[in-house]
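Asker: Below are the sequence and a predicted model; questions follow.
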Amino acid sequence: MSKGESRDVESRLIHTEGLRNRDRYQLLTSLVVPRPIAWVSSRSPDGVPNLAPFSYFAALSATPLLIGVSIGSRRGAAKDTLRNIREIGTFCVNIVTEHHLEAMNISSGDHPPEVDEFQVAGAGMAEAEVVSAPYVAGCPAVFECSVREEVALSEAGNVFVIAQVVAIRLSNDLPLLAGSFFVDPEVLRPVSRLGGESYAKLGTVQSIARPAPR
């Protein structure tokens with residue numbers, strides 16, 4: 001068998017339509033791994049800061065610079081994060097690193113709207129410069145975002161929020177790789193989400209050159 005070639009293995013086919021919601025969730029979140037975490041910070045119209053993590057998070061486009069975050073409902077109602085960004089129109093995405101793993105997990109709890117998750121999680125708070133939203137002080141990388149579009153994914157209230165990144169805040173301790181705007185991942189030390197209560201830290205970084213054009 002040549003390099004890169006693979007053989008089929010014995011397998012089973014799971015028809016997803018017949019599964020319970022919990023079963024679909026467990027399969028999806030344990031197979032689509034590792035997932036980056038959007039630690040979203042926002043503020044309510046009443047001025048209450050909000051902080052919550054979401055692992056249905058992706059880069060969508062560089063031009064324009066767009067990211068997407070999928071936000072589910074809670075007990076049939078919109079989560080505080082979604083209500084805030086609908087009413088204010090802006091938010092920040094804090095890139096979760098090893099240093100903030102515990103605080104991020106604490107902020108994922110089910111808190112009432114009047115509770116400030118920054119305080120609950122023991123996370124420092126600072127104000128974004130371009131958008132109206134707080135961010136996590138000491139976070140090495142922060143996206144300041146403006147909502148562009150909202151896509152309803154289900155009748156249950158799951159929503160995909162598309163936002164434009166209007167500014168990126170980088171710590172002076174986070175270097176760019178020589179001659180580029182690539183951030184050094186081994187300095188960033190991002191944390192990603194796996195299935196269940198599991199998370200992953202950055203492992204071995206391997207660079208592979210792309211094939212030369214023919």
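Answerer: Structure's in. What do you need? Numbering: from 1, shown residues only.

Asker: hey, where'd the strands end up in this protein?
Answerer: 35-36, 38-43, 49-54, 57-61, 66-71, 73-74, 77-78, 90-95, 125-127, 134-136, 141-152, 159-170, 191-193, 199-201 (DSSP state E).

Asker: Number of residues surrounding the nearest residue to Val33 once chain neighbours are set aside?
Answerer: Distances taken as CB to CB, 6 or more residues apart in numbering put Leu194 closest to Val33, at 4.8 Å, once the chain neighbours are dropped. Every C-beta, even on glycine, is put in place using the N, C-alpha and C of the backbone. Other residues near Leu194 come to 15 when the count uses other CB atoms under 10 Å.

Asker: Any chance of the strands of the chain in a markdown table with mean neighbour count and distance to Arg22 as columns?
Answerer: Shown next, in a markdown table, are those (neighbours: other CB atoms under 10 Å; distance: least, CB to CB, whole Å):
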| stretch | mean neighbour count | distance to Arg22 |
| --- | --- | --- |
| strand 35-36 | 18 | 18 |
| strand 38-43 | 27 | 23 |
| strand 49-54 | 23 | 19 |
| strand 57-61 | 14 | 21 |
| strand 66-71 | 19 | 17 |
| strand 73-74 | 13 | 15 |
| strand 77-78 | 12 | 20 |
| strand 90-95 | 25 | 27 |
| strand 125-127 | 14 | 34 |
| strand 134-136 | 24 | 31 |
| strand 141-152 | 18 | 22 |
| strand 159-170 | 18 | 20 |
| strand 191-193 | 21 | 17 |
| strand 199-201 | 14 | 20 |
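
Asker: Which of these sits closest to Leu101?
Answerer: strand 191-193 (5.2 Å; CB to CB).

Asker: can you list contacts of the closest one?
Answerer: 29, 33-37, 55, 96-98, 100-101, 104, 199-201 (CB atoms under 8 Å, 6 or more residues apart in numbering).

Asker: Please apply the same query to stretch 137-146.
Answerer: So stretch 137-146 is in contact with 39, 67, 89-95, 97, 99-100, 123-126, 128-131, 133, 135-136, 163-171, 173-174, 183, 188, going by CB under 8 Å, 6+ apart.

Asker: And Leu170, what's its pLDDT?
Answerer: At Leu170, the model reports a pLDDT of 98.

Asker: And the closest residue to it other than its chain neighbours, how close does it get to Gly196?
Answerer: Leaving aside its sequence neighbours, Leu170 sits nearest to Ala141 (CB to CB, 6+ apart; 5.7 Å). Going from Ala141 to Gly196 by CB to CB, to the nearest Å gives 26 Å.

Asker: what does Val120 give?
Answerer: 23 Å.

Asker: Ile37 now?
Answerer: Relative to Gly196, and taking CB to CB, Ile37 is found at 15 Å.

Asker: So for those two, which residue has more residues nearby?
Answerer: Ile37 (25 against 9).
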